[in-house]
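Peer 1: Sharing a sequence plus its predicted fold:
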Amino acid sequence: METLLSAISAIAVVLAVGGGLWLLRAPSIYLLALHVVSRVVLDSASEVTYQPVLGSLSLMQLYSVCFIGASGVHLLLLHRLRMHSYTLPLLAIVSAATLSAYLSSSWMELIVLILRWAYIWILIALTMSALEDDHGHQLMGAVAIAGLYTFLNQVYSIVTDQPKWGADQWSFVGTYAHESDISFLLTMLVVPGVYFISRPDNALGKVFGFGCLAASHVGLAYAAYRSLWIATAAYWGFYVWTRYLRGSISKRAFWVIASLGTVMVSTVVLGPSIVEKMADLAIFAANPSQYLDFSGDAKRMYLLSGRVDLINSYMGTYLNSGVHVWAAGIGPAQGKEEMGLYAHNEYLSALVEMGIFGFIALLWFLFRIASDAFALAKSTDLFAQATAPFLMVVLVSALGTMPFQDMRALMALGLVLGYLGHCRIKTNAQPVSAVSGSARGPRVLQLESVQVLQ
């Protein structure tokens, strides 16, 4: 019996090593698609996968470290390890965090931060590599499968009446650890939905695309994560605007769609809890100085879900500290340690935890994203049309939550930035057309030195 178990173990090790080497040598799409699906599946079993298995490290943490390492080796073996346009802003963020960690001795927090940004850098590089080999369709399919799995996970818990934290809190539906885990994956599902719908002469693909969009929006309704609902609405607003710029819809249709969309979003989003938040917003807007004084002592802690209190506490700590804190912050992830709760705002978190240097680095990174997204606004490329509006998801969600500290959000962002980076390079490589005034021929538009075929 022992001999049989030893033989089985030896075969399993050989298969694992051989399979791993095959993945490292295989096209990037295999490693990337496997990661997208397996990451989502592992996240859905958070009660198991987030338990310590090696010291204090959980299975998910070990998985993330192994994926980063394997992806780096994969890119080196394929000679595809190239610097992309997001490299310098990401290095600036890591540099600012390193300075902040040095002054505050937050070394463990710095390691975690570096791993997160290394993860997004690797995802961008892998995605661009996969798209260079014309595997974009397969990648969109993998993202769709991951998102649909997330939706089905929700449906199962609804049918079996097993929400995460009790029947009165649907925001934690399913087996994910937090509603943001679900919501970022469902928001990511919008991108392949738009892509498959946009493909011409493909009726089955359009049905699949509409299914992705339906699953995304129904799932977001049950997840009830308001920040991502608003961010998804911003995605659609940007998408409709870019279609108007491309001449895909008339001015009248644009305003009809915008009006109907506003009504639909208001009907779904403005539930009782949102109405309460809107009332809070009116109270705050009437006399903001009464509540926002950066003293760390808000008059109404529950105002805007406690975010006014968080702004006061974080900014009170920041402004009442020395010049070194103004420049380099209180240290990576130290806001939660000192204030008892994370900032629920990436901009505020960057300023207070990494100082003005970290804040500028984050704005540089976001400006780099915005530059690509707006430059590709009039592109006829299907990838650009589906991914460029995701810029709005990043900018809006960062105001009310922490997408740069959530691995699901980083996965979505890394894939999208890989799409955008590939489209930008592809667009720059397009030859200049001599035809500019033809009624049916391509017309070249100059957008910030980026030539976009229209």
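Peer 2: That came through fine. Numbering: from 1, shown residues only.

Peer 1: per-residue pLDDT, residue 383?
Peer 2: Residue 383 is assigned 82 on the pLDDT scale.

Peer 1: Same question for the one 3 residues further on.
Peer 2: The model reports residue 386 with a pLDDT of 87.

Peer 1: Can you tell me how far it is from residue 89?
Peer 2: 23 Å (Cβ to Cβ, to the nearest Å). From N, CA and C alone the C-beta is placed, and that goes for glycine too.

Peer 1: Which one's more surrounded, these two?
Peer 2: Just comparing residue 386 and residue 89: by other Cβ atoms under 10 Å the higher neighbour count belongs to residue 386, 24 against 19.

Peer 1: From the contact counts, what lies against the strand or helix carrying the more buried one?
Peer 2: Under the criterion of DSSP states H and E, residue 386 resides in helix 382-387. Contact here means 3 or more Cβ pairs under 8 Å, 6 or more residues apart in numbering; DSSP states H and E; on that basis helix 382-387 packs against helix 190-198, helix 226-246, helix 407-428.

Peer 1: Can you check which of these gets nearest to residue 382?
Peer 2: When these are compared by Cβ to Cβ, helix 190-198 sits nearest residue 382, at 5.0 Å.

Peer 1: relative to helix 226-246, how tilted is the following helix or strand past the closest one?
Peer 2: Counting by DSSP H and E, the next helix or strand C-terminal to helix 190-198 is helix 203-223. Counting by axes from the mean of the first three to the mean of the last three Cα atoms, to 10 degrees, helix 203-223 lies at 150 degrees to helix 226-246.

Peer 1: looking only at pLDDT, what's the mean for helix 203-223?
Peer 2: 85.

Peer 1: what does it rub up against?
Peer 2: 144, 147-148, 150-151, 154, 158, 170-171, 173, 179, 182-183, 186-187, 189-190, 192-199, 228-229, 232, 268 (Cβ atoms under 8 Å, 6 or more residues apart in numbering).

Peer 1: Tell me how far it lies from the chain's centre.
Peer 2: Mean-position distance between helix 203-223 and its chain equals 18 Å (Cα atoms, centre = their mean, to the nearest Å).

Peer 1: Tell me the gap between stretch 329-336 and the middle of its chain.
Peer 2: 22 Å.

Peer 1: what mean pLDDT does it have?
Peer 2: Here the average pLDDT along stretch 329-336 is 89.

Peer 1: could I have that stretch exported to CSV, CA atoms only?
Peer 2: The C-alpha coordinates for stretch 329-336 follow below in CSV (Å, rounded to 0.1, in the frame of the first residue of the first chain):
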residue,chain,number,x,y,z
GLY,A,329,2.9,60.1,5.0
ILE,A,330,2.4,58.0,8.1
GLY,A,331,3.4,54.7,6.4
PRO,A,332,1.8,52.1,4.1
ALA,A,333,-1.5,50.7,5.6
GLN,A,334,-0.9,52.7,8.8
GLY,A,335,-4.2,54.6,8.4
LYS,A,336,-6.2,51.6,9.6
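
Peer 1: Okay, buried residues for that stretch please.
Peer 2: Neighbour counts using 16 or more other Cβ atoms under 10 Å place 329-335 of stretch 329-336 among the buried residues.

Peer 1: So which of those residues belong to strands?
Peer 2: Nothing among the buried residues of stretch 329-336 maps onto strands, per DSSP state E.

Peer 1: and those residues, which two are the farthest apart?
Peer 2: 329 and 333, at 10.6 Å, using Cβ to Cβ across the buried residues of stretch 329-336.

Peer 1: So for those two, which residues contact both of them?
Peer 2: residue 353.

Peer 1: quick one: pLDDT of residue 139?
Peer 2: 89.

Peer 1: Can you name the helix or strand that the nearest residue to it once chain neighbours are set aside falls in?
Peer 2: Nearest residue to residue 139, sequence neighbours excluded (Cβ to Cβ, 6 or more residues apart in numbering): residue 130, at 5.5 Å. Using DSSP H and E, the secondary-structure element containing residue 130 is helix 107-132.

Peer 1: now that helix: how far from the chain's centre is it?
Peer 2: The answer for helix 107-132 is 13 Å, by Cα atoms, centre = their mean.
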